[in-house]
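Asks: Give me a model of this one.
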Amino acid sequence: MTTESLRTWIEQNQIATILAAIALSILIYLFTRNFIARGLVSMAARTKSRVDDILLKHIRPARVSLLAPLGAFYAFAYLVPEYEIALKKASLFLLMWISVLTLTALLSALNEIYERNPNYTGVSIQSYLDIAKIVLALAAIILTISLFSGESPIVLLTGLGALTAVLLLIFQDTILALVASVQIATHDLIKEGDWIEVPSYEADGDVVNISLHRIKVQNFDKTFTVIPTHKIVDVAYKNWRGMTESGGRRIQRSILVDMTSIKFCDEEMLERLQRIDLIQGFLTTKIQAIEEYSRSHSEHYDSPLDGPQITNIEVFRAYITTFLKERQDVHHESMPFLVRTLSPTPTGLPIELYIFTKTTQWEQYETIQAEIFDHLLAAAGHFDLRVFQEPTGLDFATFTRSLAS
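Replies: Got it, this is the predicted structure:
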């Protein structure tokens with residue numbers, strides 16, 4: 001059959017031609033869906049790699065298989081001259097938008113593959129991929145308008161120049177988010193997995209996702225807070241990543257000592273405290289200094305204020321220092337290590353511990369902190385020191401009974 005005779009037959013049997021084209025397209029679709037698409041899914045299921053599984057999950061081979069019949073529609077549109085232009089435009093429209101959906105899905109798959117990489121450090125690329133998706137969508141919209149209007153895309157882009165102000169207003173948040181994303185990435189301000197505190201948004205937890213428009217934080221009470229990306233560079237926030245990377249977490253807490261219980265140590269008290277192994281060497285040195293001074297100034301050594309003396313709170317601070325240095329879960333040299341006395345307050349004299357634990361894990365950190373202060377609160381009484389506490393109902397009841405008796 002010659003080309004001329006084929007065209008004559010098609011002109012005389014347009015309905016049969018259309019039905020044949022539809023049937024061929026359906027066959028092509030069934031072949032690509034049932035053999036090629038399912039074959040790819042089956043092959044991916046047999047491999048050990050997770051990359052192909054992620055790609056197929058996002059791209060959806062069943063949707064991609066629609067490109068084959070649509071391409072056939074476009075190729076055979078000339079067989080129906082009366083509807084050729086309409087069929088080609090419809091085919092191109094569907095081909096373009098399925099391709100855009102496939103490309104955006106591919107970008108999502110690349111982001112998931114990147115974040116599942118064992119070497120992933122929390123530096124998100126989702127913001128940049130979101131920008132690429134927006135560009136694809138805008139390009140598809142312009143091409144769609146050009147397809148149905150018959151105008152050149154260049155002409156449409158030229159006409160958009162007059163709408164720049166409107167576009168800036170419409171995409172204001174997107175532009176701000178883009179600038180903020182660049183700042184966040186350039187200065188390494190926030191990464192996924194960071195623990196951040198943002199008081200203005202009542203956020204206190206781990207960053208689970210950073211996209212172009214929003215930062216998602218899972219708070220420690222398991223709620224979620226969503227912060228606009230461009231707002232994070234305008235508000236005050238605290239990033240705890242430095243603490244995690246340093247390998248130490250700070251303990252800064254005080255014990256309030258009743259100042260009326262502070263006194264000089266007499267011989268009996270020094271002898272009793274010297275039996276404590278942790279401060280035996282410290283007290284031996286101090287006692288020797290006191291004895292040497294008293295012998296050399298025996299003619300006028302008649303007051304506790306004459307010469308060197310030692311107080312029970314000084315001994316207690318020395319005990320705390322030695323006790324902490326005996327613990328293997330506290331940094332002794334590489335990070336600040338202070339046991340200091342702060343300014344007196346109406347509630348007592350604060351003895352502050354400013355130290356760092358060797359773990360940054362929350363549960364372990366709290367356990368170490370509790371063990372230290374449980375021990376010190378119980379030990380204070382051995383140094384004849386009273387820990388300050390506001391009077392309770394029991395205290396008032398005891399005081400009332402003592403007055404009555």
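
Asks: Burial check on Val135, number of neighbours?
Replies: 10 (other Cβ atoms under 10 Å). Every residue, glycine included, has its C-beta placed from N, CA and C.

Asks: can you tell me how far it sits from Phe356?
Replies: Computed as Cβ to Cβ, to the nearest Å, the Val135 to Phe356 distance reads 47 Å.

Asks: what does Ala185 give?
Replies: Counting by Cβ to Cβ - Ala185 and Phe356 are separated by 30 Å.

Asks: who's more crowded, the two?
Replies: Phe356 (22 against 17).

Asks: Need the three-state assignment for the more buried one.
Replies: Under DSSP: H, G, I helix; E, B strand; the rest coil, Phe356 falls in the strand class.

Asks: residue contacts, the residue nearest to it when sequence neighbours are not counted?
Replies: Leaving aside its chain neighbours, Phe356 sits nearest to Gly248 (3.6 Å; criterion: Cβ to Cβ, 6 or more residues apart in numbering). Taking Cβ atoms under 8 Å, 6 or more residues apart in numbering, we find Gly248 in contact with 331, 334-335, 356-358, 360.

Asks: for those residues, which one is nearest Ala72?
Replies: Lowest distance from Ala72 to these (Cβ to Cβ) belongs to Thr360, with 60.5 Å.

Asks: helix or strand right after the helix or strand that contains Ile227?
Replies: In the assignment (DSSP states H and E), Ile227 maps to strand 224-228. Past strand 224-228, further along toward the C-terminus, the next helix or strand under DSSP H and E is strand 238-239.

Asks: in its sheet, what does that next one sit against?
Replies: Here strand 238-239 has these sheet partners by DSSP bridges: strand 195-198 (antiparallel).

Asks: Next one: Ala68 from Asn34, what distance?
Replies: 12 Å.

Asks: and these two? which has more neighbours close in?
Replies: Ala68 (18 against 12).

Asks: Quickly note the distance from the nearest residue to that one once chain neighbours are set aside to Gly242.
Replies: Using Cβ to Cβ, 6+ apart and skipping residues adjacent in sequence, the residue nearest Ala68 is Thr32, 4.5 Å away. With the distance defined as Cβ to Cβ, Thr32 ends up 53 Å from Gly242.

Asks: who's more crowded, these two?
Replies: More neighbours surround Thr32 than the other of Thr32 and Gly242, with 20 against 9 (other Cβ under 10 Å).

Asks: thinking that one is in contact with Ala72, fair?
Replies: No - here Thr32 lies out of contact with Ala72, judged by Cβ atoms under 8 Å, at a distance of 10.4 Å.

Asks: Now do the strands in the chain.
Replies: 195-198, 203-210, 214-219, 224-228, 238-239, 249-257, 338-341, 349-357 (DSSP state E).

Asks: and of those strands, who's closest to Val51?
Replies: Among the strands of the chain, strand 203-210 sits nearest to Val51 (Cβ to Cβ), with 20.8 Å.

Asks: What are the buried residues along the closest one?
Replies: Judged by neighbour count (16 or more other Cβ atoms under 10 Å), strand 203-210 contains these buried residues: 203-205, 207, 210.

Asks: Run me through the strand neighbours of that strand, direction for each.
Replies: Strand 203-210 is paired, per DSSP bridges, with strand 195-198 (antiparallel), strand 214-219 (antiparallel).
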